[in-house]
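Asks: Got a sequence here, can you model it:
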Amino acid sequence: MPSGKTHDKIAIISIIPIIFIAIKLFGINTKPMYLYGISSFFSQFMLSPDLDVKSSQHKRWGLLKFLWLPYRLIFKHRSRFSHGLIFGPVFKIAYIIAVIAFLYFSFCFFIEYNYNISILPYFLKSLNIFLKQNMSFYFIPLTAGVFTGTLIHTLSDKIFSFFKGLL
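Replies: Model prediction:
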């Protein structure tokens, strides 16, 4: 299994193939291409399957690394739910959405409780409009990038373990 530094080097080296994949998937339509590339790169550095252990990726979250504590408690390291090519990204995306929703609803509750202002209905209406108009434009390249980042990480783990087993 490669070290965190090796995973980082692989992530940097993978930029060139990711650019070619992005062009192949999205053509020269620059915004989805950039979203895919940035999402893939971000996925390798910040949303690594190694977030379920104390890793360099976990430490990169700095003061926000506490947000990943429930994730670490729920998922075992190298399980198909953290390192899996399908389940890993799906659960990470779902987890991030759940954390953001929890923080936002907590913020709305705080504002309504302390200032008697209800902002939740306005937010939900705006979110609904935004998602209807932009879901495929943002969701597809961002999600594809997270899947690509996980794929690169997991394949490098498998390749390193295979060759280590030969020695």
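Asks: Which other helices and strands does the top helix by length along the chain contact?
Replies: In the chain, taking DSSP state H as the definition, the longest helix is helix 120-166. Contacts defined by 3 or more C-beta pairs under 8 Å, 6 or more residues apart in numbering; DSSP states H and E place helix 120-166 against helix 4-13, helix 15-26, helix 30-46, helix 87-115. (Glycine included, C-beta is placed from N, CA and C.)
Asks: out of these, deepest packed?
Replies: Among these, helix 30-46 has the highest mean neighbour count (mean count of other C-beta atoms under 10 Å), at a mean of 19.
Asks: Any chance you could list what contacts that helix?
Replies: With contacts defined as C-beta atoms under 8 Å, 6 or more residues apart in numbering, helix 30-46 is touched by 7-8, 10-11, 14-15, 18-19, 21-23, 25-27, 57, 60-61, 89, 137-138, 140-150, 152-153.
Asks: burial count for the closest residue to residue 108 other than its chain neighbours?
Replies: Closest residue to residue 108 apart from its sequence neighbours, by C-beta to C-beta, 6 or more residues apart in numbering: residue 120 at 4.5 Å. Using other C-beta atoms under 10 Å, residue 120 has 15 other residues around it.
Asks: show me the contacts for residue 120.
Replies: 105, 108, 112.
Asks: same check, this time on residue 47
Replies: Contact partners of residue 47, counting by C-beta under 8 Å, 6+ apart, are 57, 92, 96, 146, 149, 150.
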